[in-house]
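**Q** Generate coordinates for the sequence data below:
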Amino acid sequence: MDRPLLSLISLVILAGCATPSQQQRRPNPELVRVVAMAAAQVQRCYRMPRLPREGRQITIVLRVRYGPDGALIGLPEVKAQRGVTPENATYANRMAEAATLAVIRCSPLSLPPQYHQGGWDDFELTFSPRAVA
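**A** Numbering: from 1, shown residues only. The predicted structure follows:
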């Protein structure tokens, strides 16, 4: 079976702790690298559901939280589903489930502990089957 290309785009979210001036600053490059490491680990655990092309137009954004040991805290939270149309809406839940299962399968993550607090403790992962890695 041909596995579709998948890109996990990671975005740092400081869980509402950032002030407007902090949000306008460029993120710490080292922290961006660490969150990209998290995305790469989760990407290996992702299994694309068998869906028609229309279903693969859906992008899922999950909020994930991790403890200092890299273990998942709670379940991932679906923050957004983009690209949902009347034609593919029936596939949105399956895409969200596949993204959630990837995060669960890959826990615990192996990440540098010095960047845990205010870094990879709480962030978003975007699952986009259409993107090219």
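
**Q** Now do the phi/psi pair for the closest residue to residue 55 other than its chain neighbours.
**A** Of all residues not flanking residue 55 in the chain, residue 91 sits nearest, at 3.3 Å (Cβ to Cβ, 6 or more residues apart in numbering). For every residue, glycine as well, the C-beta is placed using N, CA and C. Dihedral angles of residue 91 (phi, psi; degrees, to the nearest 10) stand at phi -100, psi -10.

**Q** Send over the helix or strand hosting residue 127 as CSV, restricted to the C-alpha atoms.
**A** Secondary structure from DSSP states H and E places residue 127 in strand 122-128. Extracted in CSV, the C-alpha atoms of strand 122-128 (Å, rounded to 0.1, in the frame of the first residue of the first chain):
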residue,chain,number,x,y,z
ASP,A,122,2.0,22.2,26.0
PHE,A,123,1.9,22.8,22.2
GLU,A,124,-0.1,22.0,19.1
LEU,A,125,0.6,19.5,16.3
THR,A,126,-1.0,20.0,12.9
PHE,A,127,-1.6,16.8,10.9
SER,A,128,-1.9,17.6,7.2
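
**Q** which SS class is residue 111?
**A** coil (DSSP: H, G, I helix; E, B strand; the rest coil).

**Q** What does the pLDDT read for it?
**A** Looking at residue 111, its pLDDT stands at 90.

**Q** what's around it, how many residues?
**A** 20 (other Cβ atoms under 10 Å).

**Q** same check, this time on residue 114
**A** 9.

**Q** Can you verify it is assigned to a strand?
**A** No: Residue 114 is assigned helix when assessed by three-state DSSP, not a strand.
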